[in-house]
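J.: pasted the sequence and its predicted model underneath.
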Amino acid sequence: MATHAVRLNAVTKTYGKGVHALRGVTVDLPRGDFTAIMGPSGSGKSTLLHCAAGLDTPTSGTVHIGGTELSRMNETQLTELRRDKAGFVFQAFNLIPALSVTENVLLPFRLAGTRPDHAWLDEVIGRVGLGGRTRHRPSELSGGQQQRVAIARALVTRPEVVFADEPTGALDTQTAAEVLTLLRQVVDATGQTVVMVTHDPVAASYADRVLFLAEGALVDDVYAAGPETIAQRVTALGSRRAVAC
Ligand SMILES: Nc1ncnc2c1ncn2[C@@H]1O[C@H](COP(=O)(O)OP(=O)(O)OP(=O)(O)O)[C@@H](O)[C@H]1O
């Protein structure tokens, strides 16, 4: 079995004729690791996440999720791969307003036409602390609770990896801390792999490893770092960029 959850090899992404969003990114994201991706606006964080998750296709290079290589897949195969092997958490929660908490969490099974494992469903809903709210609609929940529903939905299929794009971007500091603690617990308790894009050094400090991107290239990484160290590295990226310009 592959030791990496995700492997990128020499991944480039060029938009149109001249926007080099990724310039040859090579990185392994080991199973059971919580990785944060940081970098200035426009450095390629979301593009990297989207290429790693099969939401976008690299211009060149290869992406593996587990043992599966994505570049040879057609759109239908990629859709199935995303459904079976990836979970997604976005800044905007992306819940269906007319559905209850349980129905939102079960959505991946509804879309796939498969049966859920109800014991795991109950465990996931309990884990995110929504056991007493299963019949509520998203509008009856706080932002943090809605993001917990999205996290449960991302976990319920037992994906190879959970991709989170600014999951705390719409939350206040306290609620963000609760959501990040939850993600950390999920990684520690279940060995889940999480990859998270964030602008926030405090959010990134919950990760095992932080990757730093500048102008489409991986330029730095750090393990088990606190917010201050991470913030210093981000500042250093800014000056490196200014020098490069
Ligand atoms: N669909 C697209 N078409 C053209 N250019 C794009 C597209 N998506 C991204 N880009 C460009 O690619 C570069 C990287 O964008 P990306 O969104 O990955 O950066 P980011 O680091 O996630 O930025 P932010 O922190 O502002 O969200 C930017 O120059 C952006 O303008």
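T.: Yep, that arrived.

J.: show the contacting residues for Ser71.
T.: For Ser71, the contacting residues are Thr57, Pro58, Gly61, Thr62, Val63, by Cβ atoms under 8 Å, 6 or more residues apart in numbering. C-betas here are computed from N, CA, C, even on glycine.

J.: then the first one would be within a strand, right?
T.: No: per DSSP: H, G, I helix; E, B strand; the rest coil, Thr57 lies outside any strand segment and is coil.

J.: ok, it - how many residues close by?
T.: Thr57 has 14 neighbouring residues, counting by other Cβ atoms under 10 Å.

J.: from here on, call the first residue 3.
T.: Happy to do that; since the first residue is 3 now, the last one works out to Thr59.

J.: what about stretch 78-94, near the ligand?
T.: No: counting by Cβ under 6 Å from any ligand atom, the ligand is not contacted by stretch 78-94; separation bottoms out at 9.9 Å.

J.: let me see the mean pLDDT of that stretch.
T.: For stretch 78-94, mean pLDDT rounds to 90.

J.: now, of the contacts of Ser73, which are buried?
T.: Buried members of these, counted by 16 or more other Cβ atoms under 10 Å: Pro60, Gly63, Val65.

J.: just checking, the last one touches Leu80?
T.: Put plainly, it is Val65. No: using Cβ atoms under 8 Å, Val65 is not in contact with Leu80; the gap is 10.5 Å.

J.: identify the contacts common to these two.
T.: Going by Cβ under 8 Å, 6+ apart, residues that sit against Val65 and also against Leu80 are Gly56, Leu72.

J.: how near is Val91 to Thr200?
T.: 12 Å (Cβ to Cβ, to the nearest Å).

J.: could you do Asn11 as well?
T.: 24 Å.

J.: with the buried ones among the contacts of Ser73 in mind, which one is nearest to Ala38?
T.: Val65 (18.8 Å; Cβ to Cβ).

J.: tell me the pLDDT of that closest one.
T.: 96.

J.: how about low-confidence regions in this structure?
T.: Low-confidence segments of the chain, defined by pLDDT under 70: 3, 240-247.

J.: between Asn11 and Thr200, which one's more packed in?
T.: Applying other Cβ under 10 Å to Asn11 and Thr200 shows that Thr200 carries more neighbours, namely 26 against 16.

J.: check contacts around the more buried one.
T.: Ala38, Ile39, Met40, Glu168, Pro169, Thr170, Gly171, Ala206.

J.: isn't the first one up against Ala205?
T.: By that I understand Ala38. Yes: with contact defined as Cβ under 8 Å, Ala38 reaches Ala205; the gap is 7.0 Å.

J.: overlap in contacts, those two.
T.: Joint contacts of Ala38 and Ala205 (Cβ under 8 Å, 6+ apart) are Met198.

J.: so the helix or strand hosting Ile39, near the ligand or not?
T.: Assigned by DSSP states H and E, Ile39 falls within strand 36-40. No: where contact is defined by Cβ under 6 Å from any ligand atom, no part of strand 36-40 touches the ligand; the two come within 8.4 Å at best.
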